[in-house]
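Asker: the amino acid sequence is not available; the structure is as follows:
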């Protein structure tokens, strides 16, 4: 959603419908930013539920997910290119942290 927000005008000129253009502040766009992040946080806890990760993984995943959700909420609330870029950078950092946690805390 961060990329879609930053390049929304380019997508619109090219004829692609990536975001709702009726009202760029609509609740649907907000939910499409925040809801997948909430689901992602829950999904990252699956290895711990099956005994494949330790407490360090759980705490790290919750912390990284919380920061990711924080930046996603910033875009949902403010709808600016600056917040979208922060969310994009947060997503890259989140993936790196999550992979590192998975590698280091594997039981």
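Answerer: Perfect, thanks for sending it. Computed from a predicted structure; not experimentally measured.

Asker: what mean pLDDT does stretch 60-79 have?
Answerer: Mean pLDDT, computed over stretch 60-79, is 95.

Asker: list the buried residues of it.
Answerer: Residues of stretch 60-79 classed as buried: 60, 61, 64, 65, 68, 69, 71, 72, 73, 74, 75, 76 (neighbour count, 16 or more other Cβ atoms under 10 Å). (Glycine included, C-beta is placed from N, CA and C.)

Asker: contacting residues around that stretch?
Answerer: Contact partners of stretch 60-79, identified using Cβ atoms under 8 Å, 6 or more residues apart in numbering, comprise 1-2, 5, 24-25, 29-30, 33-34, 37-38, 40-41, 44-45, 48, 53, 83-84, 86-87, 90-91, 93-94, 97-98, 101, 105.

Asker: now that stretch: how far from the chain's centre is it?
Answerer: Offset of stretch 60-79 from its chain centre (Cα atoms, centre = their mean, to the nearest Å): 7 Å.

Asker: just to revisit the earlier point, from the contacts of stretch 60-79, which would you call buried?
Answerer: Judged by 16+ other Cβ under 10 Å, buried ones among the contacts of stretch 60-79: 1-2, 5, 29-30, 33-34, 37, 40-41, 44, 48, 53, 83-84, 86-87, 90-91, 94, 97-98, 101, 105.

Asker: what residue lies at the spatial centre of this structure?
Answerer: residue 37 (4.7 Å; Cα atoms, centre = their mean).

Asker: measure it to residue 73 for me?
Answerer: Distance of residue 37 to residue 73, given as Cβ to Cβ, to the nearest Å: 8 Å.

Asker: and residue 51, that's in a strand?
Answerer: No: under DSSP: H, G, I helix; E, B strand; the rest coil, residue 51 sits outside any strand and is assigned coil.

Asker: cool, thanks, signing off.
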